[in-house]
Structure formats: C-alpha cells, structure tokens
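Visitor: have a look at this fold, sequence not included:
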C-alpha cells in the first residue's frame, strides 16, 4: 500500500475485491475476517483518492457503515470494522470526534494503526498547520483561490514510494506509449531525455 497501483488489470482486480469485501464482510470480527486485507486495501484507496468504480449496492452499504460509526450502542469491533470498510470509499471526516475515534482504534487494533495514521492523523495535522501558516502574499481573487484550494485540499499524490519502472530500452518505451509517433526511428546512443514529474518525484508518463 506504499505505492499507487498503475496497472489496469490490477485495478480491475482491486475494484472487484473491494466490492466483495464491502458486500460480504459480516458486522463482527472473527478469525475468518480479513481485517489486514481490508485495512491495506483502504490505504490503497486513500492513496489513489478513491478512483475505483462504485456500484449502487456498495453505495447503499456504505451508508450502513456510516450509521454504525455514529451509533453509540455499536460494539467496538463493529465500529473498527465499519471504519476500515468505510475508508475504502471515502476519507474520514477531519474533526476532533474522528481523531479521538481513530486514536482509540489505532491503540486497540494494531491492524488499523497505519490506516489511521495515513487517513486521519497526517491530514488532521496538515489541516492544523494550514490554519496557522502565515500567508506572505494573501490570495484574493476567486481564480487563484480555486487553484490554491485544489493544491491544498487535494495534495495528490500521497504515495510513499513511486512504482518501480520496468526495465526496457528507451525506444521500446516510446513505441509502447506513443506508437503512432515513434515510427521506425532507431535508438540514438546517449540521447538526452526530459523527465516530467510535475513536482511529484515520479515520471508523469
């Protein structure tokens, strides 16, 4: 879960896996509940900002997860499970109530510690810093504020490590990605290549 998946076939598999876990996981934790798998997939969904296709059945079930999280009578195990399953579909609310819940869950359920750190603690800290950070040049106009909010509210990508690039000759990579433009040009020894990573530290491809 440190790397955002970029493989289309794996994305289809993860989408189907998420749907199965959402619709077929019980309301209580037992030895057969794949809690580590659920938490790890939730981390992947948080990192890729929930790009997987969502079915209507999953949307309905997510409402049930949210009801469990807000039910003061719910068992702690049920809350932990609902939290992890809900995190496969949307980021947690960044308020003091959610932070307190995440602190309790991370302490009681080791398999939730990483998910709580990525999805709650770190974004909560970022929001605190943003509120106190002085603005050297305050933004006033609507267009600039929209762009600013896009970068500050949505700091994509959140990956911890870039995907490992495949070992291939440069010309082969161009032929695969830009088949209509590469033609039959031969590979140039010592060719210089501009790597555009858009400030992310990973090739934009």
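Guide: Structure received. Note that this is a predicted model, so its numbers are computed, not measured.

Visitor: wait, residue 127 sits on residue 96?
Guide: No: assessed by C-beta atoms under 8 Å, residue 127 is found out of contact with residue 96, at 11.4 Å. Just so you know, the C-beta spots here come from the backbone N, C-alpha and C atoms, and that holds for glycine as well.

Visitor: the two: which has the busier surroundings?
Guide: Legend: neighbour count by other C-beta atoms under 10 Å for residue 127 and residue 96, higher for residue 127 (13 against 9).

Visitor: tell me the contacts of the more buried one?
Guide: For residue 127, the contacting residues are residue 94, by C-beta atoms under 8 Å, 6 or more residues apart in numbering.

Visitor: that one sits in which helix or strand?
Guide: Element membership for residue 127, per DSSP states H and E: helix 122-132.

Visitor: strands of this structure, start to end?
Guide: Applying DSSP state E to the chain gives no strands.

Visitor: for it, what helix or strand is lowest in average pLDDT?
Guide: Least confident helix or strand of the chain, by mean pLDDT, DSSP states H and E, is helix 179-182 with a mean of 56.

Visitor: next up, the contacts around residue 25.
Guide: Contact analysis of residue 25 by C-beta under 8 Å, 6+ apart lists 33-34, 38, 81, 85.
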